[in-house]
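Q: Next input, structure requested:
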Amino acid sequence: MSSFLRLGTLILWLTILSWWILAGRNPGWTKTSVSTMETDPVTGINYPVWKKQFVPGLDLLAVGTGCAVVLFGVSFLPFLSRNTKNQQL
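A: Have a look, this model is predicted:
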C-alpha cells in the first residue's frame, strides 16, 4: 500500500511540474489574463490589449509540491504497513 502511495505521489508531482512548465513557467503569481502590445494602424501608437489566458504561477506549483510531500509523508505511517508482528490483539 505504501509503495503505491509513494509511486502515486511521484506521478502527481511530475504531472504538476510538467503542467507548470508546459503552461508557461510563470515565475510569479498565477495569472488569468495576459497583456500584449498592439499598434494602432492609423496613429502608430502602441497600446496594451488584455486577453483571457490561464498561466499557472509558482503558487500553484508550491501547493502541488506541498500536497505531494504530505502524501509522501503519509506513506511512512505505521498503519499502512502490512507487518502485523508488532501489533497487539
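
Q: Count the neighbours of residue 72 for me.
A: 17 (other Cβ atoms under 10 Å). (C-beta placed from N, C-alpha, C; glycine too.)

Q: That one: what's it in contact with?
A: Contacts of residue 72 were listed using Cβ atoms under 8 Å, 6 or more residues apart in numbering, and they are 5-6, 9.

Q: from the residues you listed, which would you call buried?
A: Among the contacts of residue 72, those classed as buried by 16 or more other Cβ atoms under 10 Å are 5, 9.

Q: Lowest-confidence entry in the contacts of residue 72?
A: Among the contacts of residue 72, residue 5 carries the weakest pLDDT, at 89.

Q: so how far is residue 35 from residue 20?
A: 21 Å (Cβ to Cβ, to the nearest Å).

Q: same deal with residue 13?
A: As judged by Cβ to Cβ, residue 13 and residue 35 stand 31 Å apart.

Q: between the two, which one's more packed in?
A: Shown here are residue 13 and residue 35; by other Cβ under 10 Å, residue 13 has more neighbours (18 against 12).

Q: Spit out the contact partners of the residue lying closest to the more buried one once chain neighbours are set aside.
A: In this structure, residue 13 finds its nearest non-sequential neighbour in residue 68, 4.0 Å apart by Cβ to Cβ, 6 or more residues apart in numbering. Under the criterion of Cβ under 8 Å, 6+ apart, the contact list for residue 68 reads 9-10, 12-13, 16.
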